[in-house]
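Colleague: Model the following, please.
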Amino acid sequence: MVEGVVLTLGGVVVVWGIVIYNLLVRDRHRVDAAWSDIDVQLKRRHDLIPKLVDVVKQYAAYEQSTLSAVTELRAQSELVPDIAGKSRTEEQLTDALHKLIAVAEAYPDLKANQQFLTLQQQISEVEDHIQYARRYYNGAVRNLNIRIDSFPDLIIARAFRYTPRVYFQLEKEAAGVR
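Modeller: Prediction:
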């Protein structure tokens with residue numbers, strides 16, 4: 001009788017451990033897939049930047065510092081390996097892009113250029129996609145981090161060396177500025 005109870009409890013613990021492990025794996029894959037979505041959108045934006053810079057260059061040759069800043073930040077962002085660093089660099093790149101687009105206000109011919117307008121619209125769409133992808137990613141990170149830090153899941157998470165993931169957010173948004 002006692003052996004049966006011990007075996008049943010042992011079986012329940014094993015099944016519980018398997019279920020928790022599988023939930024952790026599912027959440028980890030969601031985070032990885034969500035990051036992949038962000039990465040795709042960042043690459044789309046990075047592909048549009050040289051085109052935008054070239055169009056603005058044709059009309060606004062005197063805005064070299066703004067053009068250089070955008071180009072340099074784009075290159076830096078592609079080299080940053082960690083999410084926290086990429087968040088900071090992408091925030092700076094977003095600010096520089098906004099300044100570059102604001103340059104168009106001083107150049108009526110540029111503002112009326114169809115190629116510029118198309119690129120401006122595409123960048124705006126990509127920014128929206130980045131925002132949506134970032135929200136999904138941060139939600140997936142939140143779910144995984146809660147599971148890693150919550151009892152009894154933390155027992156399995158620690159046994160398999162799960163560590164909390166970093167959120168991808170802009171510092172201004174975190175501070176409530178935007």
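
Colleague: what about the longest helix along the chain, distance to the chain center?
Modeller: Longest helix of the chain, by residue count under DSSP state H: helix 2-59. In terms of C-alpha atoms, centre = their mean, to the nearest Å, the centre of helix 2-59 is set 12 Å apart from its chain centre.

Colleague: Tell me the helices and strands packed up against that helix.
Modeller: Other helices and strands packing on helix 2-59, by 3 or more C-beta pairs under 8 Å, 6 or more residues apart in numbering; DSSP states H and E, are helix 64-79, helix 83-103, helix 108-112, helix 114-149, helix 153-159. Yep, even glycine has a C-beta here, placed from its N, CA and C like the rest.

Colleague: got CSV for these, with mean pLDDT, mean neighbour count and distance to residue 58 too?
Modeller: Below are the helices and strands packed on helix 2-59 laid out as CSV (pLDDT from 0 to 100; neighbours: other C-beta atoms under 10 Å; distance: least, C-beta to C-beta, whole Å):
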stretch, mean pLDDT, mean neighbour count, distance to residue 58
helix 64-79, 88, 16, 11
helix 83-103, 89, 17, 12
helix 108-112, 81, 13, 8
helix 114-149, 94, 17, 9
helix 153-159, 94, 16, 54
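
Colleague: between these, which gets nearest to residue 53?
Modeller: Nearest to residue 53 among the helices and strands packed on helix 2-59 is helix 64-79 (5.3 Å), distances taken as C-beta to C-beta.

Colleague: Now do stretch 67-83: everything it contacts.
Modeller: With contact meaning C-beta atoms under 8 Å, 6 or more residues apart in numbering, stretch 67-83 is reached by 35, 42, 46, 49-50, 52-53, 56-57, 60, 86, 89-90, 92-93, 96-97, 99-100, 165-168.

Colleague: Please repeat the previous calculation with a cut-off of 6 Å.
Modeller: Identification of contacts with stretch 67-83 by C-beta atoms under 6 Å, 6 or more residues apart in numbering yields 46, 49, 53, 86, 89-90, 92-93, 96, 100, 166, 168.

Colleague: Dump those residues into TSV; add distance to residue 70 as well.
Modeller: What follows is the contacts of stretch 67-83, written out as TSV (distance: C-beta to C-beta, whole Å):
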residue	distance to residue 70
46	11
49	6
53	6
86	16
89	12
90	12
92	10
93	7
96	5
100	5
166	25
168	21
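
Colleague: pLDDT wise, what is residue 174 at?
Modeller: Note on residue 174: pLDDT of 43.

Colleague: isn't residue 123 right next to residue 48, touching?
Modeller: Yes: between residue 123 and residue 48 there is a contact at 5.4 Å, judged by C-beta atoms under 6 Å.
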